[in-house]
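K.L.:
Predicted coordinates and the sequence they were generated for:
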Amino acid sequence: AASPFGGGGGDGEDDVEPPPSPTKVNRNTGDEQILLESKAKMFVKIGSDWKDLGVGTLTLRHTPGKGVPAHIVMSNNSGKITLNASLYSGLKVVQNAKVPKQLVMALVNAVNPEAKEPQFTMLRFGKESTAESLKAKIEAHLPK
C-alpha cells in the first residue's frame with residue numbers, strides 16, 4: 001500500500017523527508033543590535049492579580065541613529081512574540097527588593113491590539129545580575 005507520506009516508490013527506501021530542524025533566525029537584521037538576551041518569565045498585572053504569561057527569550061533591541069526607541073521583545077519557546085514594547089521617556093524600572101531577580105515596569109505591549117495604556121509587567125530572571133544588567137541597559141537607552 002502506498003504511504004500517505006510519499007513513500008512506497010517501490011525502491012525499498014523511505015521517501016519521506018524528515019521535518020526541517022528548527023533554525024536560529026538571525027536577529028541582528030540590518031542595523032538592529034541585541035543589547036541583552038536572556039531567558040525570562042513574564043507576568044502582567046490584571047486587576048490585583050499577576051497573570052503568568054510563561055517563559056521565553058527576552059531581548060532588548062536598539063537601532064542606533066534611526067530615531068527609534070529601544071524596545072523589549074519576548075518570544076515563547078515556539079517563537080510566538082508575547083511582548084513587544086518600546087521604551088519611553090519616564091519609564092521607571094523597579095527591581096524587587098525582596099526578590100532582586102525580578103523587575104517591574106509599566107509597558108505598552110504592541111502584541112495586544114487593545115493595549116493603549118501601560119500595563120504593569122513583571123519579568124523574572126534566573127540570576128539577580130541579569131535583572132540588574134537589563135535595568136541598567138534600559139535606563140541607559142530611555143529616550144530623552
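P.N.:
That came through fine.

K.L.:
okay, CA-based contacts and neighbour counts for the rest of this
P.N.:
Noted.

K.L.:
Provide the secondary structure category for the residue nearest the centre of the chain.
P.N.:
For the chain, residue 74 is the residue whose C-alpha lies nearest the centre (C-alpha atoms, centre = their mean; 0.9 Å). Put simply, residue 74 is strand when judged by DSSP: H, G, I helix; E, B strand; the rest coil.

K.L.:
Next: residue 133.
P.N.:
Going by three-state DSSP: residue 133 is helix.

K.L.:
How about the one 4 residues further on?
P.N.:
The assignment at residue 137 comes out as helix when based on three-state DSSP.

K.L.:
residue ranges for the helices of the chain, please.
P.N.:
128-140 (DSSP state H).

K.L.:
Point out where it drops to low pLDDT.
P.N.:
1-30 (pLDDT under 70).

K.L.:
if we go to 90?
P.N.:
Applying pLDDT under 90 to the chain picks out residues 1-32, 63-68, 77, 112-117, 144.

K.L.:
hang on, the earlier thing: let me know whether the residue nearest to the centre of the chain touches residue 57 as I believe.
P.N.:
Yes. Counting by C-alpha atoms under 8 Å, residue 74 does reach residue 57; the two are 5.4 Å apart.

K.L.:
Quick check: closest non-adjacent residue to residue 71.
P.N.:
Nearest non-adjacent residue to residue 71, counting by C-alpha to C-alpha, 6 or more residues apart in numbering: residue 86, 4.0 Å away.

K.L.:
My guess is the one you found contacts residue 108. True?
P.N.:
Yes. Counting by C-alpha under 8 Å, residue 108 is a contact partner of residue 86 at 7.5 Å.
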